[in-house]
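Engineer: Can you look at this prediction? I've put the sequence above it.
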Amino acid sequence: MSFHLKPYRALVIGASGTIGEQWVKQLKNQVNCQHVAVLSRQTHPYFDLSNESSIEKAVQDIGQEGPFDCIIDATGALVLELAVSDQNDTLVTLKGPEKNLAALNSTQLMMAFMVNTIGPALLLKNLASSLAKGPCVYAKLSARVGSIEDNQKGGWYGYRASKAAFNMMLQTAAIELQRKNPETKVVALQPGTVVSSLSKDFIHSRTPCVSVEDSVAGMWLALVHSEVKKGAQFLDYKGQSIPW
């Protein structure tokens with residue numbers, strides 16, 4: 001039996017973002033969803049993916065609303081806020097994905113891995129015990145550019161690599177979680193190119209885009225219609241498998 005066919009409780013992390021906010025709406029509209037807990041920097045201002053103690057505190061604070069049959073991690077960043085020091089002051093600058101090897105720098109790469117790999121992995125570590133027994137799902141927003149096999153264009157080094165690295169974290173965690181509960185479904189979800197304030201600078205006239213409503217509705221159907229399989233699954237918002 002799928003988790004959504006019984007009364008269930010859900011948690012959305014990154015609930016203040018465009019996609020995370022729509023996930024909250026999507027879940028609240030489901031007839032069997034009894035409660036949707038939310039976690040973001042708006043609801044928990046101290047929450048910081050680059051700070052493990054803040055992750056532990058946030059999970060502890062939100063844990064009383066569980067256990068959760070459905071956990072959606074909608075965190076992640078394409079554009080990074082980097083602190084750059086000069087002789088006069090420390091400035092915060094926004095950095096988009098690196099287009100070529102010449103653009104690589106250690107600070108940006110480390111931040112990409114912290115936000116897209118390490119932080120979400122620590123989040124999963126701390127949330128694992130909050131998953132309900134029986135049919136349940138842990139889903140994490142990923143990206144098609146995180147597929148090693150599907151990489152045809154190159155570029156976007158840190159973002160691609162950090163997403164690919166977390167896909168491996170998710171695959172490895174799935175094996176462990178399913179040893180304890182074979183009815184656990186673990187899924188990396190690709191939302192498509194959703195038009196938002198964060199993505200607008202990377203969309204051109206020929207970019208195939210999807211509305212946030214259609215994206216989340218599609219990901220929801222992909223989640224509930226997919227079967228429990230050994231290890232993690234990598235699905236797009238149309239329900240199609242993406243090669244790792």
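Structural biologist: Yep, that arrived.
Engineer: Please report phi then psi for the residue nearest to the spatial centre of the chain.
Structural biologist: Computing the C-alpha centroid of the chain and ranking residues by C-alpha atoms, centre = their mean puts Leu141 first, at 3.1 Å. With angles defined as degrees, to the nearest 10, Leu141 sits at phi -60, psi 130.
Engineer: if I pick the closest residue to it other than its chain neighbours, what's in contact with it?
Structural biologist: Take Leu141 and drop its neighbours on the chain: the residue closest to it by C-beta to C-beta, 6 or more residues apart in numbering is Ala74, 5.1 Å away. Backbone N, C-alpha and C define where each C-beta goes, glycine included. By C-beta atoms under 8 Å, 6 or more residues apart in numbering, Ala74 lies in contact with 12-15, 17, 19-20, 23, 141.
Engineer: Repeat the analysis, applying 7 Å as the threshold.
Structural biologist: Contacts for Ala74 (C-beta atoms under 7 Å, 6 or more residues apart in numbering) come out as 12-14, 17, 19-20, 23, 141.
Engineer: same question, Ala139
Structural biologist: Listed by C-beta under 7 Å, 6+ apart, the contact partners of Ala139 are 72, 187, 189, 223.
Engineer: Which of the residues you listed fall within strands?
Structural biologist: With strands taken from DSSP state E, the overlap with the contacts of Ala139 comprises 72, 187, 189.
Engineer: Most neighbours of all these, which one?
Structural biologist: Ile72 (30 neighbours; other C-beta atoms under 10 Å).
Engineer: per-residue pLDDT, that residue?
Structural biologist: Reading off the confidence values, Ile72 has pLDDT 98.
Engineer: from what I can see Gln34 touches Lys6, true?
Structural biologist: No: applying C-beta atoms under 7 Å, one finds Gln34 not in contact with Lys6, separated by 9.9 Å.
Engineer: longest helix of the protein?
Structural biologist: Counting residues, the longest helix found in the chain (DSSP state H) is helix 157-180.
Engineer: hmm, back to that, give the contact list for the residue nearest to the centre of the chain.
Structural biologist: Applying C-beta under 7 Å, 6+ apart, the residues contacting Leu141 are 19, 73-74, 76, 189, 191.
Engineer: Same question for Ser50.
Structural biologist: 114-115, 119.
Engineer: And it, how far from Glu81?
Structural biologist: 10 Å (C-beta to C-beta, to the nearest Å).
Engineer: on that earlier part again, among the contacts of Ala74, which ones are in strands?
Structural biologist: Per DSSP E, the subset of the contacts of Ala74 in strands is 12-13, 141.
Engineer: His225 - how many residues pack around it?
Structural biologist: Close neighbours of His225, defined as other C-beta under 10 Å, add up to 11.
Engineer: Got the phi and psi for it?
Structural biologist: Main-chain torsions, His225, degrees, to the nearest 10: phi -90, psi -10.
Engineer: Then Cys33?
Structural biologist: Cys33 adopts backbone torsions of phi -80, psi 110, taken as degrees, to the nearest 10.
Engineer: now it, which residues is it bridged with?
Structural biologist: Counting by DSSP bridges, Cys33 forms beta bridges with Tyr8.
Engineer: can you pull the contacts of it?
Structural biologist: Cys33 touches 8, 10, 27, counting by C-beta under 7 Å, 6+ apart.
Engineer: Next: Val38.
Structural biologist: By C-beta under 7 Å, 6+ apart, Val38 lies in contact with 12, 15, 24.
Engineer: wait, is it part of a strand?
Structural biologist: Yes: judged by DSSP: H, G, I helix; E, B strand; the rest coil, Val38 forms part of a strand.
Engineer: any weak-confidence spans in the chain?
Structural biologist: Filtered on pLDDT under 70, the chain yields the residue ranges 83-93, 197-205.
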